[in-house]
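A.B. asks: Need a 3D model of the following:
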Amino acid sequence: MIINPTREEMGKLLKKAKTIAVVGLSDNPERTSYMVSEAMQRAGYKIIPVNPAIDEVLGERAVASLKEIQEPVDIVNVFRRSEFLPEIAKEFAEIDSEIFWAQLGVANEEAYQFLKEKGKTVIMDRCIKVEHALTK
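C.D. replies: Next comes the predicted model:
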């Protein structure tokens, strides 16, 4: 069973965080991943696009995978379909980040259990932009 942190706990995590890697960030301004990431960037977060199909988005150079990121990442925000979460969770476990955040409509029990067993903070099926707005 997937149990997210409370809204208050999510607010504390967001206040501490500075860098968000966004898996599946699109360079299409019409896509939800773009709109949410742009809003978070405007709120002061550094965005690292993780998408092998693009070179740059929101003024930031994209990387093909989480393992290519050369700096600490506070939150990994995932905009991929739920069936991709176990694979992304395994890659996430290999980098220096504590918070795995799957966007609204995205959740996977296998990925959740895998990351919880590794002591990671896991949030699924929640919009980071909405939670940020509600916890200001």
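
A.B. asks: and residue 95, how many neighbours?
C.D. replies: Neighbours of residue 95 under the rule other Cβ atoms under 10 Å: 15. C-beta: built from backbone N, CA, C; applies to glycine.

A.B. asks: So it versus residue 70, what's the distance?
C.D. replies: Distance from residue 95 to residue 70, counting by Cβ to Cβ, to the nearest Å: 11 Å.

A.B. asks: Name the nearest residue to residue 80, sequence neighbours excluded.
C.D. replies: With Cβ to Cβ, 6 or more residues apart in numbering as the criterion, residue 80 has its nearest non-adjacent residue at 4.4 Å, and that residue is residue 24.

A.B. asks: hang on, the one you found packs against residue 79?
C.D. replies: Yes: between residue 24 and residue 79 there is a contact at 3.7 Å, judged by Cβ atoms under 8 Å.

A.B. asks: which residues are in contact with both of these two?
C.D. replies: Residues touching both residue 24 and residue 79 (Cβ atoms under 8 Å, 6 or more residues apart in numbering) are residue 33.

A.B. asks: Between those two, which is the more surrounded one?
C.D. replies: More crowded of residue 24 and residue 79, by other Cβ under 10 Å: residue 79, with 23 against 20.

A.B. asks: quick one: the strands in the chain?
C.D. replies: In order along the chain, the chain carries the following strands (DSSP state E): 19-23, 46-50, 56-57, 60-61, 75-78, 99-102, 121-123.

A.B. asks: Could you list the low-pLDDT ranges of this structure?
C.D. replies: Where the chain drops to pLDDT under 70, the residues are 136.

A.B. asks: now for it, which residue lies nearest the mean position of the chain?
C.D. replies: With distances taken as Cα atoms, centre = their mean, the residue of the chain nearest its centroid is residue 77 (0.7 Å).
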